[in-house]
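*Asks:* Below is the sequence, then the predicted model.
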Amino acid sequence: MRIPACLHARTSAPLFLHAHARMLACAMSQDQQPVVDELVEKLLAARKANAGVNNQRQVLFAKFDQYIHSQEKVDLAATFAEYAAKIQGIPVTPGTNFAASFGHLAGGYDAQYYGYLFSDVYAVDCYESQFKGDIFSPQAGMAYRTKILQPGGSKDGMDMLRDFLGREPDTTPFLRSKGLEA
């Protein structure tokens, strides 16, 4: 479970962006608040840009990974080209072999690439339920530290997640984060 690695994406929270923008303006010894506010609003509006394409890409990688790890022999370039056309509707550049540079395929993930996308589902749920009101909350930070980070691999990931959330995980926040009605 990659929740710690995925929570970084939640740094697009307005409070986080405003705090860092204000620090930058102070470092420049200028009153940049109107510019800061406008920039933060633009960044927040852009969050959902390409969400569909980016998620399709993750589905493509996951399906491709699962398929090739379930076959005894496979033509990687041809299979990836077929999946890319079917899933994304985007043809690959002729004569290329993306799989040859996709390090996760042979780097120890072994048919587990699908976990990337689902970890983001969990990270968004964690953010929405614990950090959304105040990304700098000491209470939420300490709960995250003691219930997710501290146990590390000594506990099942889903058990840690349930403990942190205080309930079963929910996919609804992830769908909303992509601009979908949930």
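*Replies:* The structure has been received and is ready for your questions.
*Asks:* So residue 74, which state does it fall into?
*Replies:* When classified by DSSP: H, G, I helix; E, B strand; the rest coil, residue 74 comes out as coil.
*Asks:* now do residue 123
*Replies:* helix.
*Asks:* Share the number of residues neighbouring it, please.
*Replies:* The tally of other residues near residue 123 (other C-beta atoms under 10 Å) stands at 24. Where C-beta positions appear, they are placed from N, C-alpha and C, glycine not excepted.
*Asks:* and if you look at residue 174?
*Replies:* 22.
*Asks:* Please, which helix or strand holds the spatially most central residue of the chain?
*Replies:* Residue closest to the average C-alpha location in the chain (C-alpha atoms, centre = their mean): residue 120, at 3.9 Å. Assigned by DSSP states H and E, residue 120 belongs to helix 115-126.
*Asks:* Show the average pLDDT along that helix.
*Replies:* The average pLDDT for helix 115-126 rounds to 84.
*Asks:* can you pull the buried residues of the helix or strand following it?
*Replies:* Tracing the chain C-terminally past helix 115-126 and defining elements by DSSP H and E, one meets helix 138-144 next. Going by neighbour count (16 or more other C-beta atoms under 10 Å), the buried part of helix 138-144 is 140, 143-144.
*Asks:* Specify which member of those residues is nearest to residue 57.
*Replies:* residue 144 (28.1 Å; C-beta to C-beta).
*Asks:* right, and the closest one touches residue 130 too?
*Replies:* Yes. The criterion here is C-beta atoms under 8 Å, and residue 144 meets it with residue 130 at 6.9 Å.
*Asks:* Name the residues contacting each of the two.
*Replies:* residue 164 (C-beta atoms under 8 Å, 6 or more residues apart in numbering).
*Asks:* Which of the helices and strands in this structure ranks last by mean pLDDT?
*Replies:* One helix or strand of the chain scores below all others by mean pLDDT, DSSP states H and E: helix 3-7, with a mean of 57.
*Asks:* Tell me, how many residues neighbour residue 131?
*Replies:* By other C-beta under 10 Å, the residues close to residue 131 number 20.
*Asks:* For it, which non-adjacent residue is spatially closest?
*Replies:* Take residue 131 and drop its neighbours on the chain: the residue closest to it by C-beta to C-beta, 6 or more residues apart in numbering is residue 140, 5.2 Å away.
*Asks:* Can you give me the pLDDT of that neighbour?
*Replies:* 90.
*Asks:* follow-up on the earlier one: what's the closest of the buried residues of helix 138-144 to residue 69?
*Replies:* Using C-beta to C-beta, these come closest to residue 69 at residue 144, 32.4 Å.
*Asks:* Now do the contacts for that closest one.
*Replies:* Counting by C-beta under 8 Å, 6+ apart, residue 144 has contacts 126, 130, 164.
*Asks:* which one of the buried residues of helix 138-144 sits closest to residue 39?
*Replies:* Of these, the one sitting nearest to residue 39 (C-beta to C-beta) turns out to be residue 140, at 26.0 Å.
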